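*Asks:* Please work out how this folds:
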Amino acid sequence: MSSQQPALSYTVPGLSREAGSEIIALLQARLHALNDVALTLKHIHWNVVGPHFIAVHEMLDPQVEQVRSMIDDLAERISTLGGEPKGTPGALVAERDWSDYSIRRAEAIEHLGALDLVYTSVIEDHRAAMAATEESDPVTQDMLIEQLRGLELFQWFVRAHLESSGGRLSTAGAKSERAAAHAAANQAQNQP
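*Replies:* Numbers count the residues shown, from 1 in each chain. You can find the predicted model right below:
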C-alpha cells in the first residue's frame, strides 16, 4: 500500500517530523479502512433480506454514524500532525490492500457472518497501529484506543447473532467473507 505524503514542514511540538510522518502513514491506512467499513455497512444496510431484515437494517445505521465520526477524528489528527488526509474514493481504492466486500443481496445472517470478518481485520489493524504509537504518540494512541472500544462493541453486536447457545461462533476458522457467510447460514439452519 502506498500512502505517500509530502514531506512535513511541521508537526506537533515534541514529535519529530520523521515520527509525525510515520504516524500519519498509519493513520491514513486507518482512515482508508474505516471509510471502507462505513461504505460496507451501508451496502449491507441496503442489501440485507430475510426474517431478521429490520433488526440488522436498523442496527447498522448507528454504526455507520459512529464510524464516520471516527473517520473525521482520524482525518483531523492527520491534519494536526501536519499531514494531508486523503479521503477520496480514488485514493482509497489505489492505496488499499484488501478486496471489495464480496456479499451482495443476502440473508441477514450471511451478511453478519461476513461482517464479523470485516470487523476482525479492521480491529487487528487498529490494534497494530495502537501498539505502534505507544511510545511515539500517546495522544494518537488514546484516540485509537477509544475507536477500538467502539469497533469491538460493534463486533460484539454482530457476534451475538452468530454465537450458538453453547458459545460456538459460527464464523470460527472462516478465512473469507463467503466462507463466513456460508458458515453462519449453516449454523442458523441447524439450530433448533
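*Asks:* So which residue is smack in the middle of this structure?
*Replies:* Closest to where the C-alpha atoms of the chain average out (Cα atoms, centre = their mean) is Val122, at 4.0 Å.
*Asks:* residues touching that one, list them.
*Replies:* With contact set as Cβ atoms under 8 Å, 6 or more residues apart in numbering, Val122 has these partners: Ala33, Leu34, Val37, Leu151. Backbone N, C-alpha and C define where each C-beta goes, glycine included.
*Asks:* Repeat that for Leu74.
*Replies:* Leu27, Arg30, Leu31, Leu34, Pro85, Met143, Gln147.
*Asks:* Please apply the same query to Thr140.
*Replies:* Residues counted as contacts of Thr140 (Cβ under 8 Å, 6+ apart) are Ile23, Leu26, Leu27, Arg77, Leu81, Thr133.
*Asks:* got any ranges where this protein has weak pLDDT?
*Replies:* For the chain, the stretches with pLDDT under 70 are 1-5, 192.
*Asks:* mind listing the helices for it?
*Replies:* Counting by DSSP state H, the chain has these helices, from start to end: 17-47, 53-80, 89-95, 108-132, 138-162, 177-190.
*Asks:* Could you check the angle the second one makes with helix 17-47?
*Replies:* In this structure, helix 53-80 runs at an angle of 160 degrees to helix 17-47, with axes from the mean of the first three to the mean of the last three Cα atoms, to 10 degrees as the basis.
*Asks:* Of all the residues in helix 53-80, which ones are buried?
*Replies:* Using 16 or more other Cβ atoms under 10 Å as the test for burial, helix 53-80 gives 56-57, 59-60, 63-64, 66-67, 70-71, 73-75, 77-78.
*Asks:* tell me which of those residues is nearest to Asn190?
*Replies:* Asn190 has its nearest neighbour among the buried residues of helix 53-80 in Val56, at 20.1 Å by Cβ to Cβ.
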